[in-house]
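K.L.:
Sequence plus the predicted model coming up.
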Amino acid sequence: MSNIVKRNFVSEFKKAFSGAIEGIVKAAEIYVAAIDEDPEIKTQFISECSGFIPAGAWAEFEAVGRKWKHPKLLLGGGGAHSSLLKLLPYSDQEKLFSGERVDVLTATGDVLKVDINSATSDQAALLIDKTNRRIRDIPAQKAYLESVKPVKVIDVPSVEMPYTITGGKVHFRAHTVLGRKEISRILKDLV
């Protein structure tokens, strides 16, 4: 038997990556502190870090440093739902990224506890209110479902008119009696 301990690459990776995220958060907080003290320093950050940080990333760093945006959203956290998660306040983003399960109403009226990472697109759309930038509670989910419920279209049979207009002439069906409104309408249709 060999006494060689197998290296746990996954554990090492997770530890290093977690440290990297913490480093990004710390860097973002430093950036925010610097621009709060001197807004003109932004240009210095951008020029001195242009070799490894794209110019478009600075707004994201500010959002992370001010706790407007969860750092996991920088790297695609939230998957297909990341665009919805970005709309939420930081406290709600933190809640969802911590793995807390939230109540989601089903079509049958049951309530499921769902992790946002395993939610379907429909569940995420039901759960996250884009307009008010919040997580919907069950009553709000019910109201949302009612608002998007398809309207039932009733097929109304067409009413056969007691006349037809062809080639500028009116052809009446047998036993037709018309009032002023109908005659007026026929005259308008002829013009």
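P.N.:
Ah, there it is.
K.L.:
packing partners for whichever strand or helix holds Ile30?
P.N.:
Per DSSP states H and E, Ile30 falls inside helix 9-37. Where contact means 3 or more C-beta pairs under 8 Å, 6 or more residues apart in numbering; DSSP states H and E, helix 9-37 is packed against helix 41-48, helix 58-65. From N, CA and C alone the C-beta is placed, and that goes for glycine too.
K.L.:
Reformat these as JSON lines; add distance to Val111, mean neighbour count and mean pLDDT.
P.N.:
JSON lines is the format used below for the helices and strands packed on helix 9-37 (distance: least, C-beta to C-beta, whole Å; neighbours: other C-beta atoms under 10 Å; pLDDT from 0 to 100):
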{"stretch": "helix 41-48", "distance to Val111": "46", "mean neighbour count": "12", "mean pLDDT": "94"}
{"stretch": "helix 58-65", "distance to Val111": "33", "mean neighbour count": "19", "mean pLDDT": "93"}
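K.L.:
what about these, which gets the closest to Val153?
P.N.:
Among the helices and strands packed on helix 9-37, helix 58-65 comes nearest to Val153, with 44.8 Å by C-beta to C-beta.
K.L.:
the inter-axis angle of that closest one versus helix 41-48?
P.N.:
120 degrees (axes from the mean of the first three to the mean of the last three C-alpha atoms, to 10 degrees).
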